[in-house]
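Engineer: quick check, what structure comes out for this input:
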Amino acid sequence: MAAGRRGSAPSAALSSVPLQMLLCLGGTCSALHFLATLLMIGYKSQVFSYPQDHLALDLALLLLMGTLEAPRIYLGTKGNLTEAEGPLAASLALTGASTLLSVYFLLWQTLVLWADSVLSAMLLAVHGLEAVLQVVAIAAFLG
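Structural biologist: This is a model prediction of the structure:
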């Protein structure tokens, strides 16, 4: 028995295994979405008439989305495994920002191909499930 735990009942772990699995899946999906979207933007800029200012905006937003993913996954994993609501709440906020960027690539980017729609819809589904599980985990940590 641990020195600081004598006489006390063992506490149940509150970290969420489904959330941890979904964060891992979300990181993989985000990386694949980033690479596929980057390749499709390159394809669209060569095959279609893609206005240069729109190309720069789409690339900048894609880079922003890719940049947000690493801290989002890190904070979500850290918050879940350490049962700390602060990092998990920060990850939830970054999930919201990443979701907005996914909606941009689903609906509002300059040229939306069928593959863009499928990739962004899958990423939105994963982000939605992550957000729900993050809220549940934060509630469990606080209660």
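
Engineer: what ranges does the protein have for its helices?
Structural biologist: Using DSSP state H, the helices of the chain run over 17-47, 52-81, 85-103, 114-142.

Engineer: mind putting those into TSV with mean neighbour count and mean pLDDT?
Structural biologist: C-beta: built from backbone N, CA, C; applies to glycine. Shown next, in TSV, are those (neighbours: other C-beta atoms under 10 Å; pLDDT from 0 to 100):
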stretch	mean neighbour count	mean pLDDT
helix 17-47	16	95
helix 52-81	17	95
helix 85-103	18	96
helix 114-142	16	95
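
Engineer: which other residues reach stretch 66-75?
Structural biologist: Applying C-beta atoms under 8 Å, 6 or more residues apart in numbering, the contact partners of stretch 66-75 are 23, 26-27, 30-31, 34, 87-88, 90-91, 94-95, 97-98, 101.

Engineer: which residues are in contact with residue 32?
Structural biologist: residue 119.

Engineer: so how far is residue 38 from it?
Structural biologist: 11 Å (C-beta to C-beta, to the nearest Å).

Engineer: nearest residue to residue 65 in space, please, no chain neighbours.
Structural biologist: Using C-beta to C-beta, 6 or more residues apart in numbering and skipping residues adjacent in sequence, the residue nearest residue 65 is residue 101, 4.3 Å away.

Engineer: likewise for residue 27?
Structural biologist: Closest residue in space to residue 27, ignoring its immediate chain neighbours: residue 73 at 4.5 Å, by C-beta to C-beta, 6+ apart.

Engineer: next one: residue 140
Structural biologist: Distance criterion C-beta to C-beta, 6+ apart; nearest residue to residue 140, sequence neighbours excluded, is residue 14 at 4.9 Å.
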